[in-house]
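K.L.:
What follows is a predicted structure for the sequence shown.
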Amino acid sequence: MIRIRMGPRRNRSVAAAVVAGLACCGLAATAIFIVVSGGRLTGGLPLLPDAWNQAFGRALFAVGALCTAGMGVYAFHDAWRLLRERARRVDQARARDPG
C-alpha cells in the first residue's frame, strides 16, 4: 500500500501563489496557441504518416496545456484561500480586542 503523508503547508505567501498561477497559465496559453495556430510541428514517430504525427503532437500539447492550466487554477485557488485565511485571522483578532 502506498501512503502519502501531507505535512503542514509550506507556502504562506499569496505573492508566490499568484506568480505560480501566472507562470502556469502563461505556459498553458503558449501550448494552446501552438495547438490552435496550425503551424507545422516537426519530429514525431518515424513509422507513422505525417498527418498522424501532427495530430498526435497536437493532442499531447493539448493534454499538457490542460494539466498546466489546472495547476495554474489550483495556484490561484491557493492564493484565494490564503487571502481568506488571513482576513479571517484579522477578523478574529479584532473580535478579541475591540479597542
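P.N.:
Sure thing, it's come through.

K.L.:
all contacts plus neighbour counts: C-alpha atoms, from now on.
P.N.:
Fine.

K.L.:
Identify each of the helices in the chain and give its residue range.
P.N.:
Along the chain, counting by DSSP state H, helices occupy 14-37, 50-96.

K.L.:
Check the ones you listed for me and report the most buried one.
P.N.:
helix 14-37 (a mean of 18; mean count of other Cα atoms under 10 Å).

K.L.:
re earlier: okay if I get the helices of the chain as a markdown table plus mean pLDDT?
P.N.:
Below are the helices of the chain laid out as a markdown table (pLDDT from 0 to 100):
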| stretch | mean pLDDT |
| --- | --- |
| helix 14-37 | 94 |
| helix 50-96 | 91 |
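
K.L.:
and G43, which of those helices is closest to it?
P.N.:
G43 lies closest, by Cα to Cα, to one member of these: helix 50-96, at 7.9 Å.

K.L.:
Let me know the angle separating the closest one from helix 14-37.
P.N.:
On the basis of axes from the mean of the first three to the mean of the last three Cα atoms, to 10 degrees, helix 50-96 is oriented at 160 degrees to helix 14-37.

K.L.:
Mind checking the helices of the chain for the one nearest to P8?
P.N.:
The closest of these to P8 is helix 50-96. By Cα to Cα, the value is 13.8 Å.

K.L.:
Are there helices or strands packed against the closest one, and which ones?
P.N.:
When contacts are defined as 3 or more Cα pairs under 8 Å, 6 or more residues apart in numbering; DSSP states H and E, helix 50-96 sits against helix 14-37.

K.L.:
Just name whatever secondary elements the helix it packs on is in contact with.
P.N.:
Here helix 14-37 touches helix 50-96, going by 3+ Cα pairs under 8 Å, 6+ apart.

K.L.:
picking that back up, which of the helices of the chain sits closest to G44?
P.N.:
G44 lies closest to helix 50-96 among these, at 5.4 Å (Cα to Cα).

K.L.:
now stretch 16-31, how far from the chain's geometric center?
P.N.:
Here the centre of stretch 16-31 is set off from its chain's centre by 6 Å, with Cα atoms, centre = their mean, to the nearest Å.
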